[in-house]
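K.L.:
Dropping the sequence and predicted coords here.
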Amino acid sequence: MRSIVERIADLQAQRTKAVNAMSELLDLAETENRTSTDTENVQFEDAQSKVKSLDEQIAKLEAMAAVQKAAAKPATDGGTYGGDTDPTPRIQVVRNLPKGTAFTRFAIALMAAKGSIGDAERLAKARWNDTTPEVAQVLRAAVAAGTTTDPVWAGTLVEYQTMASEFIELLRPETIIGQITGFRRVPFNIRIPRQTAGATAGWVGEGKSKPVSRLSFDAIQVPFSKIAVIAVITEELARFSSPSAEALVQADLRKAITEFMNQQFIDPAVAGTPGLSPESITHAGTSVPSTGDTVAAVMADVATLLTNMAMAGMTGPFVWVMHPRTVINLSMLRTAQDVYAFPEVAQGRFRGYPIVQSTAVPLNSTTGETIMVLLSASEILLADDGDVTLDVSREASLQLDDAPTSPPTTMVSLWQQNMLGLRAERFIYWLLRNGAAVQTLTGVTY
């Protein structure tokens, strides 16, 4: 558990970020010589409310720190530091390992032990007990059966959840989904009723019959789906692992999951497969063709996207998703007076809304065309398990192919080739609640 000093420092960092966000909103309106928009006012009030809440939490922690300090009994050193009135200085060692290290070592221990939990525990204790003791604790917990009344068993479960969430936290900044807040979070396997047509009203004369309207409904179903990746390494690599080998396994899993998830989420060509995978948000959303790459054309296209959002009743907050090339070109675009047309892009915003950059946004290498996406996160349903599950095997036979056939053709025995296979899975599904919540500008050449 973190100390009160660490918690206060974390809250103060969050407060500084919120205050900077408030300042940026005011500076943006001042730079463009205008009053704040309704959306900016809402964002300012949200940041202001967050600052107030953080101030209250910081005050509580500071009060607790003062109480603990008053109640603490200082350690003595027999007079070297002044007897009972001068406490011995405390030295606190803080672990400074990259995020995901514990989770990666957990995977490597399983590999090197060829799936044997006991051997994996001993290996983890021998190699990493000084830096990541939780790895051995988790592996030890997997040996004995636990009960709901056993606090030690429950405690080790927390260790595994922490390591898995640490890996997710490592992935999150690299995924489009992880950089966007405000999704409508839902559980898997649910059915949500949705009204598709409302009642109508009309004038009625004296003594005349009043019309009867009929509402129309359908249902949105959110099933479960999963992303899986299998990484294969040699037993020698696992057995004689070093920090470089750890980085290899971690980078491989991270890259595979991140690239695939981003592409499936944003590429309009992803139509999805019922019962298997969701369609991309741009495939299900609304498309608008670009009218050009001049300042006037860009402004006209943006006005079209925002108007479509407004006509559909979307209130935001909105988020832009763009290819890095588009962000660079927008930041460099100049008016006829040779001034930057969109200076806010350099600060990660466009027309008042945040920008998420990703190379997963499709870019046609032949035509040079890409897309620019405006979305309302609150109208996107997201079911996300939030964990990566691991399994390891050395006896299985695999198709060493990133597009395996079914039934399989050529198989490779991991046991015969002295190799280990690590499988990582993540359950996730997304679905548009309203097709107008995602507006895609196509044919973008800037």
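P.N.:
Done, it's in.

K.L.:
got the domain boundaries for the chain?
P.N.:
Listed domain ranges for the chain are 4-71, 101-174, 228-403+420-446 (source: automatic domain parsing).

K.L.:
Distance to Ala201 and mean pLDDT for the ones you listed - can I get that in TSV?
P.N.:
Where you see a C-beta, it was placed from the backbone N, CA and C, and this is true even at glycine. Output for the domains of the chain, formatted as TSV (distance: least, C-beta to C-beta, whole Å; pLDDT from 0 to 100):
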stretch	distance to Ala201	mean pLDDT
domain 4-71	29	84
domain 101-174	48	67
domain 228-403+420-446	19	87
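
K.L.:
closest to Pro193 out of those domains?
P.N.:
domain 228-403+420-446 (11.6 Å; C-beta to C-beta).

K.L.:
Pull up the distance across the closest one, start to finish.
P.N.:
35 Å (C-alpha to C-alpha, to the nearest Å).

K.L.:
from memory Glu235 sits against Arg394, does it?
P.N.:
Yes - counting by C-beta atoms under 8 Å, Arg394 is a contact partner of Glu235 at 7.3 Å.

K.L.:
For the lengthiest helix in the chain, list every residue counted as buried.
P.N.:
As assigned by DSSP state H, the longest helix anywhere in the chain is helix 38-71. Buried positions in helix 38-71, judged by neighbour count with 16 or more other C-beta atoms under 10 Å: 39-40, 43-44, 47, 50-51, 54, 58, 61.

K.L.:
before we move on, the earlier item: could the domains of the chain be laid out in JSON lines, adding distance to Ile180?
P.N.:
Putting those into JSON lines (distance: least, C-beta to C-beta, whole Å) gives the following:
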{"stretch": "domain 4-71", "distance to Ile180": "15"}
{"stretch": "domain 101-174", "distance to Ile180": "10"}
{"stretch": "domain 228-403+420-446", "distance to Ile180": "5"}
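
K.L.:
nearest to Ile192, of those domains?
P.N.:
Across the domains of the chain, Ile192 has its closest neighbour in domain 228-403+420-446 (7.4 Å, C-beta to C-beta).

K.L.:
and that closest one, how far from the chain's centre?
P.N.:
11 Å (C-alpha atoms, centre = their mean, to the nearest Å).

K.L.:
Tell me the secondary structure at Ala219.
P.N.:
Here Ala219 is strand, with the state taken from DSSP: H, G, I helix; E, B strand; the rest coil.

K.L.:
Pairing partners for it in the sheet, please.
P.N.:
Counting by DSSP bridges, Ala219 is bridged to Pro193.

K.L.:
Can you get me a residue count around it?
P.N.:
Ala219 has 9 neighbours, counted by other C-beta atoms under 10 Å.

K.L.:
Ala107 too?
P.N.:
Applying other C-beta under 10 Å, we find 26 residues neighbouring Ala107.

K.L.:
what element comes up after the helix or strand harbouring it heading to the C-terminus?
P.N.:
Using DSSP states H and E, Ala107 sits within helix 101-112. Next along the chain after helix 101-112, taking DSSP H and E as the criterion, comes helix 117-128.

K.L.:
in that following helix, what counts as buried?
P.N.:
Neighbour counts over helix 117-128 (16+ other C-beta under 10 Å) mark 117, 120-125, 127-128 as buried.

K.L.:
so who does Arg351 touch?
P.N.:
Residues near Arg351 by C-beta atoms under 8 Å, 6 or more residues apart in numbering: 302, 306, 342, 344.

K.L.:
Quick check: PyMOL command selecting the buried ones in those residues.
P.N.:
Selecting only the buried entries of the contacts of Arg351 in PyMOL, with 16+ other C-beta under 10 Å as the criterion:
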select buried, resi 302+306+342+344
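
K.L.:
and which of the contacts of Arg351 is nearest Leu25?
P.N.:
Checking those against Leu25 with C-beta to C-beta, the nearest one is Glu344 at 10.7 Å.

K.L.:
can you tell me how far the closest one sits from Glu395?
P.N.:
Remark: distance between Glu344 and Glu395 (C-beta to C-beta, to the nearest Å) = 57 Å.

K.L.:
Please apply the same query to Tyr429.
P.N.:
Separation of Tyr429 from Glu395 (C-beta to C-beta): 32 Å.

K.L.:
Looking at the two, which is more packed in?
P.N.:
Each of Tyr429 and Glu395 has its neighbours counted (other C-beta under 10 Å); Tyr429 has more, 20 against 11.

K.L.:
Given the helix or strand harbouring the more buried one, what are its sheet partners and their directions?
P.N.:
Here Tyr429, judged by DSSP H and E, is contained in strand 419-432. Applying DSSP bridges to the sheet, strand 419-432 is found paired with strand 226-234 (antiparallel), strand 380-384 (antiparallel), strand 389-393 (antiparallel).

K.L.:
Same question for the first one: list its buried residues.
P.N.:
Pointing back at strand 226-234 there. For strand 226-234, the buried set under the neighbour-count rule, 16+ other C-beta under 10 Å, comprises 227, 229-233.

K.L.:
what's the answer for stretch 350-360, then?
P.N.:
When burial is assessed from 16+ other C-beta under 10 Å, stretch 350-360 yields the following buried residues: 350-358, 360.

K.L.:
And that stretch, end to end?
P.N.:
Distance between the two ends of stretch 350-360: 19 Å, counting by C-alpha to C-alpha.

K.L.:
where does the residue sitting nearest the centre point of the chain fall, helix, sheet strand or coil?
P.N.:
Per C-alpha atoms, centre = their mean, the C-alpha nearest to the average position across the chain is that of Gly178, at 1.8 Å. Classification of Gly178 by three-state DSSP places it in helix.

K.L.:
From Ser36, how far out is it?
P.N.:
Distance of Gly178 to Ser36, given as C-beta to C-beta: 28 Å.

K.L.:
Quick check: closest non-adjacent residue to Ala65.
P.N.:
Spatial nearest neighbour of Ala65, chain neighbours left out: Ile4 (4.7 Å); criterion: C-beta to C-beta, 6 or more residues apart in numbering.

K.L.:
Where do the strands of the stretch 251-400 of the chain begin and end?
P.N.:
286-289, 318-322, 349-350, 353-357, 370-376, 380-384, 389-393, 397-398 (DSSP state E, counting those that start in this stretch).

K.L.:
in stretch 258-271, what's buried?
P.N.:
So, applying 16+ other C-beta under 10 Å, buried residues of stretch 258-271: 258, 260-268, 270.
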